[in-house]
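**Q** here's my sequence, what's the structure:
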Amino acid sequence: MINKRDKVTLVDVLDKVLEKGAVINGDMVIRVADVDLVFLGLRLILTSVSKAEELSGRSPGSPERELTEEDRAYIEKLQKEIKKAEENIPRLINADSPRETEQGLAKLILTIVELIRKLMEKEAFRRVKKGSLSPVEIQKLGLSLKAVKKKMQEIQAIFGIEDEELNLNLGPLGDLM
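**A** Here you go, the predicted model:
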């Protein structure tokens, strides 16, 4: 339950839309000189995979899935990427200051990536909680999200951007995250 005093961000709202799902229906006819020429029917469903599986009645994921050589290679690649990003962060902090415009652009892009990363993280948590993922999928998902976060930290270090700067004030809508 959310109180009026609780701070609700756009990422919270988008997460709730993905968790619950949203359906948009619309029909449109393009008419020229009182003659109907084109019919455009829209049926859009926006929801998380776990909610779509729940609504369709399909069984969620494959929690018994075994680790394959391809999975092992992917996991090793992610672990190397994370280690590489971690090694670069202190070195990159000592680099010369980037120009202000580059920093502003980097901040905007990183904010959007962080928004998407947080939404994916919340959906991943729901799928793990439901038990619809195998241990291999959980490991790959966790390492992938960690690799994205480490890469973001690496880019933040290049441009001198702190975590708390990755947010946008949306005016009357409040903060993005």
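
**Q** for L37, give me phi and psi.
**A** Dihedral pair for L37: phi -120, psi -40, per degrees, to the nearest 10.

**Q** and if you look at A22?
**A** Taking degrees, to the nearest 10 as the convention, A22 sits at phi -140, psi 140.

**Q** how many neighbours does it have?
**A** Applying the criterion other C-beta atoms under 10 Å, we find 11 residues in the vicinity of A22. Placement of C-beta: from N, CA and C, glycine included.

**Q** contacts only, for it.
**A** A22 makes contacts with 45-47, as judged by C-beta atoms under 8 Å, 6 or more residues apart in numbering.

**Q** just checking, what's the longest helix in the protein?
**A** helix 100-130 (DSSP state H).

**Q** now the element after it, going C-ward?
**A** On the C-terminal side of helix 100-130, the nearest following helix or strand under DSSP states H and E is helix 135-159.

**Q** report the rounded mean pLDDT for stretch 57-65.
**A** In this model, stretch 57-65 has a mean pLDDT of 73.

**Q** span of that stretch from start to end?
**A** Stretch 57-65 stretches 20 Å from its first residue to its last (C-alpha to C-alpha, to the nearest Å).

**Q** ok, residues contacting it?
**A** Outside stretch 57-65, the residues that reach it (C-beta under 8 Å, 6+ apart) are 50, 53-54, 127, 130-137.

**Q** tell me how far the longest helix of the chain lies from the chain's centre.
**A** Its chain's C-alpha centre lies 5 Å from the corresponding centre of helix 100-130 when counted by C-alpha atoms, centre = their mean, to the nearest Å.

**Q** check which residues of that helix are buried.
**A** 103, 106-107, 110-111, 113-115, 117-124, 126-128 (16 or more other C-beta atoms under 10 Å).

**Q** show me where pLDDT drops low in the chain?
**A** Within the chain, the segments meeting pLDDT under 70 span 1-5, 60-61, 88-100.

**Q** adding secondary structure and distance to I24, write the contacts of A22 out as TSV.
**A** As requested, those are arranged in TSV below (DSSP: H, G, I helix; E, B strand; the rest coil; distance: C-beta to C-beta, whole Å):
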residue	secondary structure	distance to I24
I45	strand	8
L46	strand	8
T47	coil	11
